[in-house]
Each structure stands twice: as structure tokens, then as C-alpha cells.
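**Student:** Need coordinates for the below:
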Amino acid sequence: MPEWLMSVPAFIVAIGVLVAVHEFGHFWVARRLGVQVLRYSVGFGPRLLGRTGRDGTEYWLSAVPLGGYVKMLDEREGEVPADQVHRAFNRQPVASRIAIVAAGPGINFLFAILAYWVVFMLGVGGIKPVIGDVPAETRAAAAGLEQRDQVVAVDGKDTPTWQELRLTLLQRTLDGDAVSLTVNAADGGQRRVALDLSGMSAEPETLFTELGIQPFQPGGVPIIADVLDGSAAAAAGMQAGDRVLAAGGESLDGPQALVDWVQARPGETIDLKIERNGQPMTLPVTLARTEGEDGPVGRLGAQISVDASQWEALRTVTRLDPLSAIPAAAAETWSITALTVRLLWRMVIGDVSWKNISGPIQIADYAGKTATIGLEAFLGFLALVSVSLAVLNLLPVPVLDGGHLMYYAVEIIRGRPLSEHAQIIGQQAGMLALLMLMSLAFYNDIMRLLG
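**Tutor:** Residues are numbered from 1 along each chain as shown. Next comes the predicted model:
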């Protein structure tokens, strides 16, 4: 199934599962502490499906699948019968209210551990971190890294895949120190090199380009994997499965060679020699012209790959037994949580761009892609978003769980709660901040779609 067709249902499933888990944390702890829960809803708006439990709690599946809520008995939201006052949320000790509010983010962390545990048992697949061309005058070149080197560990921590290497180097960049890379060379030898990360920006989108560390691209004949509608490739009649033998009379060794050749010729009409169903032919293609960071670049408008067999030697899968997977899952959850918090702080102080914030469009795109790949990838995606949801909810912003926890901390210090007027002002300010954040996320998503 195409990725775009998977995006919407995968997004709804992901958000539905994570919201249900989050709200269940509030629901479960409230019930255990004697608070009457009036409604447990996944989604907002009018009810689509639902039932009422024997204790009077309503269980709803609501129309708008972008959130959820637990409605508890509370004197601030309506009249409470005298014989039920002791079950109202607002009458509970501050410690109980803290436990109920913190249970939502807390269970999101537990869900992430559970998801990673399953992923590690199923097997974490990926591409080995084999390095491609190392540009001169980059830190990778200064460290002595060479093409086809495979980074197997960073400061003793194993890096079996590119994903693990990226996360580890990003974390170390935030520390700003030099790191020791254990490298397997193409000739079979192993050595250690020191990579200086001091003064590097922790911008995820540009860090590895600036370091000079990029994935190795297998050689071979470039193959058109997909043709974008309305593109230069579509106008020229190119089709998925076409093998690109030459461009402008020049032979090409791999997808990157074709990409570089095309980008260097914005707006030009070129001849591509292709092979289709075993028959060679030449197609004239007028490349599109778009503006890049360093000037105009050519665009073909096609996804390019090589024969899948070329990647087999680079693929790897790491599996753990059920017991070993438990500490690994807990460590991964902690690592992602710490990285998320540190990157958020770097955004606040301006060291990392706010362009890295993603909204529902980007999340839906990732949901569709991971669902297309398989269960392990989708579970890993759910774990990552669950951690993000927990961290976001713990921010000290009124209307979020962290804002309520902030109010309760003030109540403990003052010996009495903030006035209702002060809390209302805080809620309004928090709602404004949340709307601004959501607007920024939507803006970033739209700008990514526009390229």
C-alpha cells in the first residue's frame, strides 16, 4: 500500500492509542484514589460510540481523534451532591491530585518502555553506519575517517545502525566534547579515531553534513523507483522501473551520481539513456529549476534507487532475548527523553532552530511510512511519540499537566492554592502559548510540503 494512503489511518491509530494510554493513566489513578470519574473519552466533540458503566462512568469514543480527556467530579465545574463531596477531585489532598495528574505522562513513559521492549525482541533493523565520501576540510576528514569506514561504537557504546549513530552523536554534540569512534575499515582492520564536536551546532538537519559524515551509497545502475506527478520526469515519459544507463553521454555509478548530475543543470534539456523492459532508449528531459541554499538547482522529480541486492550487505538486524530487552528498552526510553528535553532547551535559548518542531501533518507522514515498513518500525514510532507526548505534557505551561503540577507545587509552598482569578489568567496565557506552538508546527509542516 502506498505510504500516503497509510498516513491518515496510521495517524488516527497512533494518536488514538497514545491518547487512550495517556488518559487511562489519569483514569486509573483517580479511581484508585477514590475520585469519581464521570467520563473517559478518546477524542473530542460529540460521541460516536459509548457506554455507561455500573458505577456511572461514561466511556466515549468521540468524533475528533486529536486528543481525549478524563472528566472527574469537581465542585469547580458544577454542583456536587453533599454525599459525593468526598469523591470530588478538588477536595483531594494535594499529593493525590499530583499523583492523578502525573499519571498521564508517567504511563506514556511506561508505554514507551513496553513498545521498545517488543521492538528489541522482534529485531531492530537498519543500515550499517558505513561512511560515504568524506569531504576535505571537515571534522570527519580531520579525524581520519575514510570512505567505507564502518563506525561500530562511540565512546564504547555500540552503534549497529545509522539511526543509533545519529542519536548518539547528536547527544554527544550537546555535550560539546570530543568522542572516540571505533571504526572497522574496508580492509578488515579496526582502529580508533577522535572526532572533535566542540563548538558544533546540535541542529539535527545539518549536523552530519557539517561534520562530513554521510551514508555510503552502493554503486550500480540508478533505477527510477517512482515518478512524481507534474514533474520533469513525468513530462518526459519516464516510468517506475526505468534503469538510467547514462546522462548526457556520461555513465553513472549509483543514485547519488545521477542526483549530483541533475542538480548541476537547472532548467537544461538533457538526454537520459534508459533501459525499459530490456530495451534501451533515449529520452530528452527538461529539468525543473528550483532555488536552493547556494543558488538554483535542477530537479528531475523522481525517486531514485538501485537494485535491492546492492543494499543487502549493508542491512543488519539486532535482536535481544526477553530479559535483555527490558534494560535496553528502559535505557532507550531514558536516552530519547533526555535528548528531547535537551533539544527543547536548546530551542528556547536559540541554539537549535524551531523548524525542527513537527505538527500533525509530519507526524501522519511518519506514521504512514513506519506502518508501511512493518510492525517493528511502527512500534518504534509509537514509542518515540509517546515520549514526546509525555515531555510536552510535563512542560510548566497552564492547561498542560505540567502547568497543573506547577500550581500544586506553589500550593505546597504557600500552604494554600492560588486564587481562582490567578489560575484563570494562567490558563488563558497557557492556551495562547499552546495555540502559538501549534501554529508554528503547522507552519513547519506546510513549509516542508512546499520543499
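
**Student:** pLDDT at residue 106, what is it?
**Tutor:** What the model reports as pLDDT for residue 106 is 96.

**Student:** which residues does it contact?
**Tutor:** Under the criterion of C-beta atoms under 8 Å, 6 or more residues apart in numbering, the contact partners of residue 106 comprise 25, 390. In short, each C-beta sits where N, CA and C put it, glycine included.

**Student:** Now the phi/psi pair for it, please.
**Tutor:** Reported as degrees, to the nearest 10, the phi and psi values for residue 106 are phi -60, psi -40.

**Student:** Okay, and residue 63 sits in which element?
**Tutor:** Element membership for residue 63 (DSSP states H and E) is strand 58-72.

**Student:** which residues are contacting that strand?
**Tutor:** When contacts are defined by C-beta under 8 Å, 6+ apart, strand 58-72 is touched by residues 12, 15-16, 19-20, 22-23, 26-27, 30, 35-53, 77, 88-89, 100, 360.

**Student:** domains in the protein, as residue ranges please.
**Tutor:** Residue ranges of the domains in the chain are recorded as 95-123+321-451, 126-217+307-318, 223-305, according to automatic domain parsing.

**Student:** and of those domains, who's closest to residue 57?
**Tutor:** Using C-beta to C-beta as the measure, domain 95-123+321-451 is the one of the domains of the chain that comes nearest residue 57, at 14.9 Å.

**Student:** Can you check the pLDDT for residue 4?
**Tutor:** The score at residue 4 is 54. That number is its pLDDT.

**Student:** Likewise for the one 5 residues further on?
**Tutor:** According to the per-residue confidence, residue 9 scores 83 in pLDDT.

**Student:** Please identify the buried residues of the one helix or strand it maps to?
**Tutor:** Secondary structure assigned from DSSP H and E places residue 9 in helix 3-32. Within helix 3-32, the residues scored as buried using 16 or more other C-beta atoms under 10 Å are 3, 6-7, 10-11, 13-31.

**Student:** quick one: low-confidence ranges for the stretch 251-400 of the chain?
**Tutor:** In the prediction, the stretch 251-400 of the chain carries residues with pLDDT under 70 at positions 359-361, 363-364, 366.

**Student:** what about 90?
**Tutor:** Screening the stretch 251-400 of the chain residue by residue with the criterion pLDDT under 90, one finds the ranges 251-266, 268, 270, 277-278, 288-298, 301-318, 342-378, 398-399.

**Student:** Can you list the residue ranges for strands in it?
**Tutor:** Counting by DSSP state E, counting those that start in this stretch, residue ranges of the strands within the stretch 251-400 of the chain are 269-276, 279-286, 288-292, 295-299, 302-305, 315-318.

**Student:** now those as a markdown table including distance to residue 252 and mean neighbour count?
**Tutor:** Compiled in a markdown table, the strands of the stretch 251-400 of the chain are given as follows (distance: least, C-beta to C-beta, whole Å; neighbours: other C-beta atoms under 10 Å):
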| stretch | distance to residue 252 | mean neighbour count |
| --- | --- | --- |
| strand 269-276 | 10 | 18 |
| strand 279-286 | 14 | 13 |
| strand 288-292 | 19 | 13 |
| strand 295-299 | 14 | 17 |
| strand 302-305 | 10 | 19 |
| strand 315-318 | 23 | 13 |
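
**Student:** can you list those in TSV and add distance to residue 123?
**Tutor:** As requested, the strands of the stretch 251-400 of the chain are exported to TSV (distance: least, C-beta to C-beta, whole Å):
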stretch	distance to residue 123
strand 269-276	36
strand 279-286	41
strand 288-292	38
strand 295-299	37
strand 302-305	23
strand 315-318	4
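
**Student:** ok, residue 239 touching residue 277?
**Tutor:** No: Residue 239 lies out of contact with residue 277 (C-beta atoms under 8 Å); the separation is 9.6 Å.

**Student:** out of those two, which sits in the more crowded spot?
**Tutor:** For residue 239 against residue 277, the residue with the higher neighbour count under other C-beta atoms under 10 Å is residue 239, and the figures read 14 against 8.

**Student:** related to what we said a few turns ago, make CSV from the domains of the chain and add distance to residue 82 to it.
**Tutor:** Below are the domains of the chain laid out as CSV (distance: least, C-beta to C-beta, whole Å):
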stretch, distance to residue 82
domain 95-123+321-451, 21
domain 126-217+307-318, 55
domain 223-305, 66
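
**Student:** coming back round to it: got the angle for the helix holding residue 9 vs strand 58-72?
**Tutor:** Using axes from the mean of the first three to the mean of the last three C-alpha atoms, to 10 degrees, the interaxial angle of helix 3-32 with respect to strand 58-72 works out to 60 degrees.

**Student:** Surely residue 214 and residue 133 touch.
**Tutor:** Yes: at 6.9 Å, residue 214 and residue 133 qualify as touching, with contact defined as C-beta under 8 Å.

**Student:** Between those two, which is the more surrounded one?
**Tutor:** In this view residue 214 and residue 133 are compared by other C-beta under 10 Å, and residue 214 has more residues nearby, 17 against 13.

**Student:** So the more buried one versus residue 34, what's the distance?
**Tutor:** 58 Å (C-beta to C-beta, to the nearest Å).

**Student:** Same check on residue 376?
**Tutor:** Residue 376 is 41 Å from residue 34, where distance means C-beta to C-beta.

**Student:** Show me which of the two is the more surrounded one.
**Tutor:** residue 376 (19 against 10).

**Student:** Touching, the more buried one and residue 126? I think so.
**Tutor:** No: when contacts are counted by C-beta under 8 Å, residue 376 is not listed as touching residue 126 (10.3 Å).

**Student:** so what's the residue nearest to residue 340 when sequence neighbours are not counted up against?
**Tutor:** Once its chain neighbours are removed from consideration, residue 340 has its nearest residue in residue 391; the separation is 5.0 Å (C-beta to C-beta, 6 or more residues apart in numbering). Contacts for residue 391 were tallied using C-beta under 8 Å, 6+ apart; they are 105, 337, 340-341, 344.

**Student:** Tell me the most packed of those residues, by neighbour count.
**Tutor:** Busiest of the contacts of residue 391 [other C-beta under 10 Å] is residue 105, holding 24 neighbours.

**Student:** For the helix or strand hosting residue 111, buried residues please.
**Tutor:** Using DSSP H and E, the secondary-structure element containing residue 111 is helix 94-122. Within helix 94-122, the residues scored as buried using 16+ other C-beta under 10 Å are 96-122.
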